[in-house]
Structures are given as C-alpha cells and as structure tokens.
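In: Here is the input, now give the coordinates:
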Amino acid sequence: MNNEPARVLMVCLGNICRSPMAEGIFRKLAGDYGLAVEVDSAGTSDWHAGEMPDRRAIATARRHGIDISSHRARPFSRADFDRFDFIFVMDRDNLHEVTRQARNEADRKKVFMLTEALSPQRPVSVPDPWFDDALFEPVFQQIQAASEAWLKKWIAHPEMMNTNRYSHD
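Out: Numbering: from 1, shown residues only. This is a model prediction of the structure:
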C-alpha cells in the first residue's frame, strides 16, 4: 500500500457551511482512526472567497470539538483534480458543476457524492443549511455519518484509500 496520505477535497456551493464542516469532521475522524489523510474544501462559486465559515457552522463544529474558524473559503478549480484523490460533493448541483469541469474520465472518477458511502445506489444531497439555522446540527450529523462510512470502507479495503479503486456502485 502506498504510504502517501489520501488527499480529500470536500465541495459545496460557497465553501462556508457544509464543506468546511465536512473538512473538519473528516480530518478529525481520520485522525481518530489513525489514517493518513489530507483534507481541504472548496466551493463551486467564488461568492465567499477569502471569508471565514458561517458563524453557525463554526458554532456547530465547535460543539463537537472541531475548530474550523481558521478556514478561508476558496473556489474549486480544475487544478484540484491534480491535487486530490477523492472529491466529495455535497449535492447534485455540486456534482454537476464539478464533473462539468472534469478534463477527462480520470478526473470524473475522483468525484463522489459524500453520501454515496451510505447509500451507493441512491446517494442523497446534504442540504444547504444557510437559509435555516435549525439545519446546521442535522447537516453536521449527516456529514459525520457519511464521512465515517467512507473511512470504514477505507479501513476494510485500504487499497482504495490511496489508489481510488472505489467505484461508483
């Protein structure tokens, strides 16, 4: 098995709510499991480039012992296909936008719905909590469950983690 850490990118629309929480959650869980993983996040838009995560995302993550306050939003770029092994998107719009930017089939094979590990046949979107304060905690829980499912797959099949052999079921 390759000793290089798996490189994971979390993607949502603005990179201030879901994907920074997902970045923090995935990093923490990978550390808890002792897995070498590098995690970053980006947005399919540049609306919030350079901004901190939404205060509600920071507060929700903090309640779970995760500090995402140093994160700064950035837009997704085609270069991310070269930098990351796995690109996890939060919803179907993100999936469409990221795969639209793929240069080839190898790029497309790196892109997964985050919830695909929970329900490979029918992955669901992680809802954008920006418009509803009450969604931040359920979204955190959904991201945590999906992240844990991916990490458990990698523990069971370590060859997937560094070679991206996981296929879309």
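
In: thought residue 151 was touching residue 27?
Out: No. Between residue 151 and residue 27 there is no contact, the gap being 10.9 Å when judged by Cβ atoms under 8 Å. For every residue, glycine as well, the C-beta is placed using N, CA and C.

In: so where's the chain uncertain?
Out: Applying pLDDT under 70 to the chain picks out residues 1-3, 162-169.

In: Longest helix in it, by number of residues?
Out: What stands out as the longest helix in the chain, according to DSSP state H, is helix 136-156.

In: which residues touch it?
Out: 6, 17-18, 21-22, 25-26, 29-30, 33, 35, 56-57, 59-61, 64, 86, 88, 114-118, 126-127, 129, 160-161, 166 (Cβ atoms under 8 Å, 6 or more residues apart in numbering).

In: Convert the C-alpha atoms of that helix to CSV, please.
Out: Presented in CSV, the C-alpha positions along helix 136-156 are these (Å, rounded to 0.1, in the frame of the first residue of the first chain):
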residue,chain,number,x,y,z
PHE,A,136,-26.9,23.0,10.9
GLU,A,137,-26.9,20.2,13.5
PRO,A,138,-28.7,17.6,11.3
VAL,A,139,-26.4,18.5,8.4
PHE,A,140,-23.4,18.0,10.7
GLN,A,141,-24.8,14.6,11.8
GLN,A,142,-25.4,13.6,8.1
ILE,A,143,-21.8,14.6,7.1
GLN,A,144,-20.4,12.8,10.1
ALA,A,145,-22.2,9.6,9.3
ALA,A,146,-21.2,9.7,5.6
SER,A,147,-17.6,10.5,6.5
GLU,A,148,-17.4,7.7,8.9
ALA,A,149,-18.8,5.3,6.3
TRP,A,150,-16.1,6.3,3.8
LEU,A,151,-13.4,5.9,6.4
LYS,A,152,-14.7,2.5,7.5
LYS,A,153,-14.6,1.4,3.8
TRP,A,154,-11.0,2.5,3.6
ILE,A,155,-10.2,0.6,6.8
ALA,A,156,-11.8,-2.5,5.4
